[in-house]
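K.L.:
here is a sequence with its predicted model. Questions after.
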Amino acid sequence: MSAIPRSEVKLEETWNLKDLFASESDYEARLDEIRKAVRKFSEQYKGKVTDSASALAALKDYASLYELIVPAGTYVSLLQSEDQTNSDHQMRGAAFGSLMAKSSSEMSFFESELSQLPEEELKNAMEQSEDFRIYLRDILRFKPHKLHPEVEKVLAAFSSVFDAPYELYNVTKLVDMNFPDFEAGGEQFPNSYNLFEGTWESDPDTEKRRAAYKAFYSKLAEYQHTTAKTYDTHLQTEKTTSDLRGFDTVFDYLLFNQEVDRELYDRQIDLIMNELAPHMRRYAKLLQGVHGIDRMTFADLKVPLDPSYEPKITIDESKKYIFDALSVMGDDYSEMLKRSYDERWTDFAQNKGKSTGAFCSSPYGVHPYILISWSGSMEDVFVLAHELGHAGHFYNAHKHQGIFNARPSLYFIEAPSTMNEMLMANHLLKNSDDPRFKRWVIASIVARTYYHNFVTHLLEAAYQRKVYERIDDGQSVNAGVLNELKRGVLEEFWGSDITIEEGAELTWMRQPHYYMGLYPYTYSAGLTISTQVSKRILDEGEPAVNDWLEVLRAGGTKSPVELAKMAGVDITTDAPLRDTIAYIGSLIDQLEKLTEDVASSSKA
Ligand SMILES: [Zn+2]
């Protein structure tokens, strides 16, 4: 159970990075290739991008250069995420970062020259090439925010410095922070980020769970000031960039690439804070009653409703769940799922220094990779289905779109992933009438899918909005401020029913998303869309699946509003969100009812 070093994990539980580079020397050779291509590109095109024809010729080479860079960048970052304590990986990452900074500085002339082309030439080029239309449209949109070419060059040269806060955050969290064993019931237990989040936080033994919580947060507390300063540096960088580029607010700057307006962003946070809270408090009450907890605290919210029913699932057993639940997506999708296991796309191992949580990385031209730390719970199956949703998205988008057309707005990113969680739940519910099993499945959707996307990430989003309001106001943050803001949001959502005891205010330290702009709110936005579409799939079957596959294939060629519309959901109104919140309420109604049924049948 204790976290082992990376060197001791089983090969079959690791991802096969050889599909990126067969050897370290192949990777090194790629770096040389990149250096040469960058030099050649700047020799060939600098000062020569003067009309639509030269722009399109250069763009073709630019795209090829990107296709050289992407696998190298993926290789470097995946190695780092499998073991942050590995100093070779750290040094490789740093060297790659400085090569990229140098290259982007050398290449920055290109976007500057494109940006200086007359609007007519840009529009001309857009009409001539579907592959570069979106890219050029974004150049045109960004034109008012572009700075002098020499300034852009300097900013690009400093890009690895601008990325430093996120790296410092990771090093503090995953390298420097060492968690001592904690004691519960006279026994010692090991602790780490992954063990706490993957195991102890949801342990049904209240004494053990709370002891782990106390130990976890007291270690976090020791690093709160460094982490807060690191975060403030990131925020100030964003605010300065936003000001220099002439955005009215830092929100406008951060939402620019998402292609959504402030209204969609605010609505997501406000409606959920107000309208979901009563349902979730009911859910907390239900947990409290079932577990006989006298005073419900923040440390008790992740406990499963029926832990005695929680089956252990091996990696091999997960295949059946994944294949059966997601086969509704068709043969090609199922083939991809099979390949993901056969070709080791996924890193399942639990080891020291591994990134927390789970993610999917989808390099253009190669297959997707997934990181997860498999602890063997049903939750892991849902997480894997989620990540395979990202994989399925880019697997389809990459097949049908060029490198600059593949990636949609962040607003839409979590729709295909949460869709797979809904498909998993629907599949499990369909196959049983046993009240206990049904309660366990619904509890999994509430405790995992909706809790994660509509509660955890949403409360992060609500807190993050308060942080940025402060930053926009010209202020800065420190640990005291962040603790107060985080505590305020938790108390507002949970009300007086849940005690937000000491430590909970440090929860802001756990989330790397804060280094990725306005990301946290997009989880509930994506799940709103996927909840609606998964209902369509249940009701209509194949036509709805086909619409969804079309959406996946469209990649980044459409805005979030257009993508949702292709799948039959109108997110310009608040109806889909209200309907989804009501649906979560109805799931909790069912949990209350099934809990009564289970109790009365066990009495009979
Ligand atoms: Zn995701």
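P.N.:
Right, received. Where do you want to start?
K.L.:
what about the closest residue in space to residue 125 that isn't next to it in sequence, neighbour count?
P.N.:
Closest residue to residue 125 apart from its sequence neighbours, by C-beta to C-beta, 6 or more residues apart in numbering: residue 52 at 3.9 Å. Using the backbone N, CA and C atoms, a C-beta is placed for each residue, glycine as well. Residues near residue 52, counting by other C-beta atoms under 10 Å, number 21.
K.L.:
now do stretch 190-199: distance to the chain's middle.
P.N.:
Stretch 190-199 sits 20 Å away from the centroid of its parent chain (C-alpha atoms, centre = their mean, to the nearest Å).
K.L.:
now stretch 8-21
P.N.:
Mean-position distance between stretch 8-21 and its chain equals 22 Å (C-alpha atoms, centre = their mean).
K.L.:
mind listing what the closest residue in space to residue 536 that isn't next to it in sequence touches?
P.N.:
Nearest residue to residue 536 in three dimensions, chain neighbours excluded: residue 544, at 4.0 Å (C-beta to C-beta, 6+ apart). By C-beta atoms under 8 Å, 6 or more residues apart in numbering, residue 544 lies in contact with 533, 536, 537, 567, 568.
K.L.:
element containing residue 544?
P.N.:
Assignment of secondary structure by DSSP states H and E places residue 544 within helix 542-554.
K.L.:
cool, and residue 263?
P.N.:
helix 262-275.
K.L.:
residues of that helix that come out buried?
P.N.:
264, 265, 267, 268, 269, 271, 272, 273, 275 (16 or more other C-beta atoms under 10 Å).
K.L.:
now swap in stretch 293-312 and tell me
P.N.:
Buried residues in stretch 293-312, counted by 16+ other C-beta under 10 Å: 296, 297, 298, 299, 300, 301, 302, 303, 304, 305, 306, 310.
K.L.:
try stretch 229-238
P.N.:
Within stretch 229-238, the residues that count as buried by 16+ other C-beta under 10 Å are 229, 230, 231, 232, 233, 234, 235, 237, 238.
K.L.:
what's next to it, contact-wise?
P.N.:
With C-beta under 8 Å, 6+ apart, stretch 229-238 has contacts from 162, 164-166, 168-169, 172, 250, 253-254, 467-468, 471, 476-478, 482, 514-515, 517.
K.L.:
hmm, 7 Å instead?
P.N.:
Applying C-beta atoms under 7 Å, 6 or more residues apart in numbering, the external contacts of stretch 229-238 come out as 162, 165-166, 168-169, 172, 250, 467, 471, 476-478, 514-515.
K.L.:
ditto for stretch 280-291
P.N.:
Residues contacting stretch 280-291 (C-beta under 7 Å, 6+ apart): 296, 300-301, 303, 305, 446, 455, 494-495, 497-498, 588, 591-592, 595.
K.L.:
so residue 376 touches residue 311, yeah?
P.N.:
No - the pair residue 376 / residue 311 is not scored as a contact, 9.1 Å apart, by C-beta atoms under 7 Å.
K.L.:
what's the farthest-apart pair in the contacts of stretch 280-291?
P.N.:
Greatest spatial distance among these (C-beta to C-beta): 495 and 595, at 21.6 Å.
K.L.:
who has more neighbours out of these two?
P.N.:
A direct count of neighbours by other C-beta under 10 Å for residue 495 and residue 595 places residue 595 higher, at 19 against 12.
K.L.:
about what we covered before: any idea how far the helix holding residue 263 is from the chain center?
P.N.:
19 Å.
K.L.:
likewise stretch 99-113?
P.N.:
So, by C-alpha atoms, centre = their mean, the centroid of stretch 99-113 is 28 Å from its chain's centroid.
K.L.:
so what touches it?
P.N.:
The contact list for stretch 99-113 (C-beta under 7 Å, 6+ apart) reads 31, 34, 38, 41-42, 45-46, 49, 58, 62, 139, 146, 149, 152-153, 156-160.
K.L.:
try 6 Å this time
P.N.:
38, 42, 46, 49, 149, 152, 153, 156, 157, 159, 160 (C-beta atoms under 6 Å, 6 or more residues apart in numbering).
K.L.:
for the third one, give me its contacts.
P.N.:
When contacts are counted by C-beta under 6 Å, 6+ apart, residue 46 touches residue 109.
K.L.:
tell me what the helix holding residue 263 is packed against?
P.N.:
helix 457-472, helix 520-540 (3 or more C-beta pairs under 6 Å, 6 or more residues apart in numbering; DSSP states H and E).
K.L.:
run the last query once more with 8 Å
P.N.:
Contact partners of helix 262-275 among helices and strands, from 3 or more C-beta pairs under 8 Å, 6 or more residues apart in numbering; DSSP states H and E: helix 250-255, helix 457-472, helix 520-540, helix 575-603.
K.L.:
which positions within the last one qualify as buried?
P.N.:
To tie it back to what came earlier, the one meant is helix 575-603. 576, 577, 580, 581, 584, 585, 587, 588, 591, 594, 595, 598.
K.L.:
repeat for stretch 42-59
P.N.:
Across stretch 42-59, burial judged by 16+ other C-beta under 10 Å covers 42, 45, 49, 52, 54, 55, 56, 58, 59.
K.L.:
what helix or strand is the residue nearest to residue 157 when sequence neighbours are not counted on?
P.N.:
Nearest in space to residue 157, with sequence neighbours left out and distances taken as C-beta to C-beta, 6+ apart, is residue 105 at 3.8 Å. Assigned by DSSP H and E, residue 105 belongs to helix 87-116.
K.L.:
how about the helix or strand following that helix: buried residues?
P.N.:
On the C-terminal side of helix 87-116, the nearest following helix or strand under DSSP H and E is helix 119-128. Buried positions in helix 119-128, judged by neighbour count with 16+ other C-beta under 10 Å: 121, 122, 123, 124, 125, 126.
K.L.:
which parts of the stretch 251-400 of the chain are strands?
P.N.:
Under the criterion DSSP state E, counting those that start in this stretch, the stretch 251-400 of the chain contains strands at 346-347, 359-361, 369-371.
K.L.:
next, format those strands as TSV and append mean pLDDT.
P.N.:
What follows is these, written out as TSV (pLDDT from 0 to 100):
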stretch	mean pLDDT
strand 346-347	98
strand 359-361	97
strand 369-371	98
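K.L.:
so which of these comes closest to residue 211?
P.N.:
strand 369-371 (28.5 Å).
K.L.:
for residue 505, give its distance to residue 97.
P.N.:
33 Å (C-beta to C-beta, to the nearest Å).
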